[in-house]
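Novice: I need the structure of the sequence given here:
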Amino acid sequence: MGHWRHTSSLTPLRAAGVAVSVALAGLELAVPTSALAQSARTAASSSPLAQSAYIATPDATGDQQDDGTTIPGAAASADDPSGANTDTPNGASANTSATTRQTTSGDQPSDETTGSILDEDMMRLNTREAPLDERRLRKPDVNLSTEETPGIRVGTFVLRPTVTQSINTETQKDGDVKQTRAFLETDMKTTLTSDWALHQLLITSEGAWQKNVSGEGEEQPDFRINGDLRLDLPEETTAHITGGYHFYREDTDDPNAIQNANQQSDVQEFTLGASIERDFGILRGSTGIDFTRTIYSDATLSDGTVVSLSDRDQTSGTLRGRIGYELSPALIPFIEGNVGKTVYDQTTDVAGYQRSGDSYGAKVGVEVDLGEKLRGEVGVGYEIASFDDNRLSDIDATVLDASVRWSPLRGTDIDFGLQTSLQPSTTPGVAGYISRAMTTTVTHQLRDNLVGTFLGGITLRDYPSDSTISDETVYTTSAGLTWNINRYLDLTSTIGYELTSRKVGADSQQWRAGVGLKLKR
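Specialist: Below is the predicted model:
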């Protein structure tokens, strides 16, 4: 009986049950380990920080070598046959290196989502605030004194009209004769500017109409219109075609005015000109020609006598040229010359003198352009005028011309001008005189909507030494305020004084003051 117990058939069955139990236990241990490795690979591929752990430096054979930064437990795979032998340290290390190489070669992210191209803001839920200098700029304050009106659109042109209505008072004293008057004055100014992509046409007009309401004094109407057509030609070439008309009444203080006249002559001037400018690199050249036609009406004396002044009607032409050398865009020295001729309609005037003649002139100077701070030109030269009548001596003078705008402070502009010209005379035996004028205009912006203006000037009328007329000096000064009520309406006020001082004869004075409203569009 004892032998049966040791040799029974139950012994093989028990051995098979133990083997099955060991296999099931091993399977249960392998399944969690495989799931943990799969989870580790998923986390590593979704995390930018974990991705760097799988990037290794290639060795000499081209394989990625382990740098010791791999995640533990993520090297083995359930599908890897070599992963079955995970009990020994050597097997674990080998399997870890193999898994690392497989991950870096197949699952490594591309450079499009890593490195310097990766935008840090992609990981932010709220983006950064923009710096101060990138925010919307503040709209500048409107300056009514310098802002230009929008104007009126007329086809391809923009029309900007301005009308000023003022009431004025004037006191004029000539020797012992004194006259005072109050008058209404309407001033009109318009600009018509083309809005073309190429070329430009600019038409400007100014007019003043006076009407006496009390007192005595001569009304002085004035009107002018000028046009300038600019043609933009190839090769840095610009051409101008100009034309104009000017109507005015001769001033009583003019040296050629009729003495004791109740109404001076009305003067009409027609002008026509053409010029062309060319830029030759550092050289700049220009040439032009101008024509002027002047017509005088009759003058009326205080006793009603009409005096014809048709012998003063004339036509004059001037040809000019200039060459400049550009030392810099802000400094251009130049040399200029001109030739002119004047022809009177009547060969001799009422006094029997032939006043037609020729004129010549030349000067050197410099153009300055420093932007808004300083710009203009200054020139010095010589000019001479001769006449067909030998009894009339030549008039010659040293010419000093300047036109400069200086802005010492923001909101302050100073315009300075010098002009020398040769003026013909109608007095028998007198050829003419030399006029030297100096003017200064100061414009200061007192407030955003208040502008003050001051003007001062001196004019010297220098007659030849053999002339029967003495020299004269004219002093002028005036001041004004302009209050910009809004973009379209201004309130203006002016006061001025003029003194004509003569070496021989009585002086003359004139005071004028006025206030008005200016309507702009």
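
Novice: Please count neighbours and contacts with C-alpha atoms only from this point.
Specialist: Will do.

Novice: partner residues bridging the residue nearest to Ile276 when sequence neighbours are not counted?
Specialist: Of all residues not flanking Ile276 in the chain, Ala239 sits nearest, at 4.2 Å (C-alpha to C-alpha, 6 or more residues apart in numbering). Beta bridges link Ala239 to Leu231, Ile276, judged by DSSP bridges.

Novice: How many neighbouring residues does the nearest residue in space to Gln510 that is not next to it in sequence have?
Specialist: The shortest distance from Gln510 to any non-neighbouring residue, by C-alpha to C-alpha, 6+ apart, is to Gln172 (4.4 Å). By other C-alpha atoms under 10 Å, 19 other residues sit near Gln172.

Novice: and Gln172, that's in a helix?
Specialist: No. Checked against DSSP: H, G, I helix; E, B strand; the rest coil, Gln172 lies outside a helix; its state is strand.

Novice: Can you show me the helices along this protein?
Specialist: Remark: helices assigned in the chain by DSSP state H are 2-6, 10-46, 48-51, 89-106.

Novice: just to revisit the earlier point, quick one: the residue nearest to Ile276 and Glu277 touch, right?
Specialist: Yes. Taking C-alpha atoms under 8 Å as the definition, Ala239 is a contact partner of Glu277 at 6.2 Å.

Novice: hmm, back to that, so what's the residue nearest to Gln510 up against?
Specialist: Lys178, Gln179, Thr180, Ser508, Gln509, Gln510, Trp511 (C-alpha atoms under 8 Å, 6 or more residues apart in numbering).

Novice: what do you get for Ile469?
Specialist: Tyr463.

Novice: What's opposite the residue nearest to Gln510 in the beta bridge?
Specialist: Bridge pairing for Gln172 - DSSP bridges - gives Gln179, Gln510.

Novice: do the same with Thr492
Specialist: Bridge pairing for Thr492 - DSSP bridges - gives Thr482, Gly516.

Novice: Now do the contacts for it.
Specialist: Applying C-alpha under 8 Å, 6+ apart to Thr492 gives the contacts Gly480, Leu481, Thr482, Trp483, Val515, Gly516, Leu517, Lys518.

Novice: How about Gly456?
Specialist: Under the criterion of C-alpha under 8 Å, 6+ apart, the neighbours of Gly456 are Thr439, Thr440, Thr441, Tyr475, Thr476, Thr477, Ser478.

Novice: Equivalent analysis for Asp228, please.
Specialist: Leu201, Leu202, Ile203, His240, Ile241, Thr242, Gly243.

Novice: Which residue comes closest to the third one once chain neighbours are left out?
Specialist: Spatial nearest neighbour of Ile203, excluding adjacent residues (C-alpha to C-alpha, 6+ apart): Gly227 at 4.3 Å.

Novice: same deal with the second one?
Specialist: Nearest in space to Leu202, with sequence neighbours left out and distances taken as C-alpha to C-alpha, 6+ apart, is Thr193 at 4.7 Å.

Novice: And that neighbour, how close does it get to Ser205?
Specialist: Between Thr193 and Ser205 the computed distance is 12 Å (C-alpha to C-alpha, to the nearest Å).

Novice: One more: Thr149?
Specialist: Taking C-alpha to C-alpha, one finds Thr149 at 17 Å from Ser205.
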